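Student: Structure for the following, please:
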Amino acid sequence: MSMDKRFEKIYSQGSLTCMEIWVDKQTGVNYLYHQSGYSGGLTPLLDGEGKVVITPLSQR
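Tutor: The predicted model follows:
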């Protein structure tokens, strides 16, 4: 099993209330993570048409 990390954080803003974008390096799917206090949530990032944002493998 490879020791490489599967997810890469590509964007972050805020500190107490945090919003981050993570990319799955195997599939290219982008995820939005939002944290506020002791709670947080993760969801696939969608474009303006409601489709999942996918980073092409060649851009990573």
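Student: and the nearest residue to residue 5 once chain neighbours are set aside, how many neighbours?
Tutor: What sits nearest to residue 5 in space, not counting adjacent residues and going by Cβ to Cβ, 6 or more residues apart in numbering, is residue 25, at 7.6 Å. (C-beta placed from N, C-alpha, C; glycine too.) Residues near residue 25, counting by other Cβ atoms under 10 Å, number 15.
Student: What about residue 25? Give its phi and psi, please.
Tutor: Per-residue torsions, residue 25: phi -70, psi -10 (degrees, to the nearest 10).
Student: who touches it in this structure?
Tutor: 4-8, 60 (Cβ atoms under 8 Å, 6 or more residues apart in numbering).
Student: Same list (those) but as CSV, adding neighbour count, secondary structure and pLDDT.
Tutor: As requested, the contacts of residue 25 are exported to CSV (neighbours: other Cβ atoms under 10 Å; DSSP: H, G, I helix; E, B strand; the rest coil; pLDDT from 0 to 100):
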residue, neighbour count, secondary structure, pLDDT
4, 8, coil, 84
5, 8, coil, 91
6, 11, coil, 93
7, 13, strand, 95
8, 13, strand, 95
60, 10, coil, 59
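Student: Give me the pLDDT value at the residue nearest to residue 5.
Tutor: Looking at residue 25, its pLDDT reads 94.
Student: Quick check: it vs residue 9, distance?
Tutor: Separation of residue 25 from residue 9 (Cβ to Cβ, to the nearest Å): 11 Å.
Student: just residue 55 next, same as before
Tutor: 13 Å.
Student: Can you pick out the residue with more neighbours from those two?
Tutor: residue 55 (18 against 12).
Student: Hmm, the more buried one is touching residue 28, no?
Tutor: Yes: between residue 55 and residue 28 a contact is recorded at 4.6 Å, counting by Cβ atoms under 8 Å.
Student: any common contacting residues for those two?
Tutor: What both residue 55 and residue 28 touch, as defined by Cβ under 8 Å, 6+ apart, is an empty set.
Student: so what's the most centrally placed residue in the chain bridging to?
Tutor: The residue lying closest to the centre of the chain (Cα atoms, centre = their mean) is residue 22, at 2.1 Å. On the basis of DSSP bridges, residue 22 is bridged to residue 9, residue 31.
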